[in-house]
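# heads up, no residue letters with this:
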């Protein structure tokens, strides 16, 4: 990959669940386990997987909304986890987040323009200057000055998400984490917001981590894709390559079951058998083995590590051993 703006290594997070009165025993919920990936400058990494796979938790850990149990986060070459106090506050100007539900992230008692200018005030921008910068950013995302003086409940869902995007970008960050930003919107509005994000990324030279359960959205907006299952990364690589030739059985099943936004390529319909296991008690070895049609005894005994399979691609599957000198890997039947 080109020069990376974000490097994540062996990121892990568990939560203690239960253990309450009278004789409950706490269990560990394995939300994120040894996740590693890079995001290149001015590139978009799409993170996809079923609900509960750990993709949103990964985003919150990178934002330092929660602290990981272990791992390393390097942002713009520096150790992001080592920052505290004012240094962390300054660094956070460079990383912003767009959440799934814009209404819950906007203060209903503040006007739209005041919601957007608030981050500027926190970082010491004078009030009048902050207001003008907020109004300018709102216009860039398609919110007029007439709408800017209204309150969030007077806007549609698509308009509120545009406001949330404006608030994330008003500090002029280098990196944006978009956590399911279009999943609550109608399809026509989804396309508008996705096109807006692409335009803003180009205009502001942004890098982005785009989290979604919708593979067609990931295919449309991402340069690279990372597939997660039960807290683990099972496949990673350039989006076009992964979608044209998925290597992991889980990735294959997801893509076969997803309609495509690409013209000229029809989607196959496939169904992943069984239910996703509980993260409180993940399977031994490969976590996908209980639903995998190719699972062997080795899959239960050993955990496959992400293995390079040519170029920027990795896959965590024993059916794809280390590639030979020609870069050939086994293709699943």
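Right, received. Where do you want to start? Note that the structure is predicted; figures quoted are calculated from it, not measured. Residues are numbered from 1 along each chain as shown.
# which residues are contacting the lowest-mean-pLDDT helix or strand in the chain?
Least confident helix or strand of the chain, by mean pLDDT, DSSP states H and E, is helix 102-105 with a mean of 84. Applying Cβ atoms under 8 Å, 6 or more residues apart in numbering, the contact partners of helix 102-105 are 99, 152, 153, 157, 160, 161, 163, 164. All C-beta spots, glycine's among them, are computed from the backbone N, C-alpha and C.
# can we see that at 10 Å?
Contact partners of helix 102-105, identified using Cβ atoms under 10 Å, 6 or more residues apart in numbering, comprise 97-99, 115, 152-153, 155, 157-165, 167-168, 181, 184-185.
# tell me the centre residue of the chain?
residue 211 (2.9 Å; Cα atoms, centre = their mean).
# any idea how far residue 153 is from that one?
26 Å (Cβ to Cβ, to the nearest Å).
# and residue 219, by the same measure?
34 Å.
# which of those two has more neighbours?
residue 219 (22 against 9; other Cβ atoms under 10 Å).
# which strand or helix spans the more buried one?
Applying DSSP states H and E as the criterion places residue 219 in helix 215-221.
# chain center to that helix, what's the gap?
12 Å (Cα atoms, centre = their mean, to the nearest Å).
# show me what the longest helix seen in the chain is packed against.
The residue-count maximum for a helix in the chain (DSSP state H) belongs to helix 187-204. With contacts defined as 3 or more Cβ pairs under 10 Å, 6 or more residues apart in numbering; DSSP states H and E, helix 187-204 has these neighbours: strand 44-48, helix 127-140, helix 157-169, strand 175-179, strand 207-212, helix 215-221.
# for these, which one sits closest to residue 33?
Each of these has some distance to residue 33 by Cβ to Cβ; the shortest is strand 44-48, at 14.8 Å.
# pull the distance from the closest one to the chain's centre.
Chain-centre distance of strand 44-48: 5 Å, with Cα atoms, centre = their mean.
# can you check stretch 162-181 too?
Per Cα atoms, centre = their mean, the centroid offset for stretch 162-181 relative to its chain is 13 Å.
# related to what we said a few turns ago, take the helices and strands packed on helix 187-204 and lay them out in a markdown table including mean pLDDT and distance to residue 279.
Formatted as a markdown table, the helices and strands packed on helix 187-204 follow (pLDDT from 0 to 100; distance: least, Cβ to Cβ, whole Å):
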| stretch | mean pLDDT | distance to residue 279 |
| --- | --- | --- |
| strand 44-48 | 96 | 17 |
| helix 127-140 | 97 | 38 |
| helix 157-169 | 93 | 28 |
| strand 175-179 | 96 | 18 |
| strand 207-212 | 96 | 17 |
| helix 215-221 | 92 | 22 |
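# among those, which is nearest residue 244?
helix 215-221 (10.5 Å).
# going toward the C-terminus from that closest one, what's the next helix or strand?
By DSSP H and E, the next helix or strand past helix 215-221 is strand 224-229.
# on contacts alone, who are the packing partners of that next one?
strand 27-40, strand 44-48, helix 55-62, strand 207-212, helix 215-221, strand 232-238, helix 239-244, helix 249-256.
# state the mean pLDDT of that strand.
The pLDDT scores in strand 224-229 average 97.
# in that strand, what counts as buried?
224, 225, 226, 227, 228, 229 (16 or more other Cβ atoms under 10 Å).
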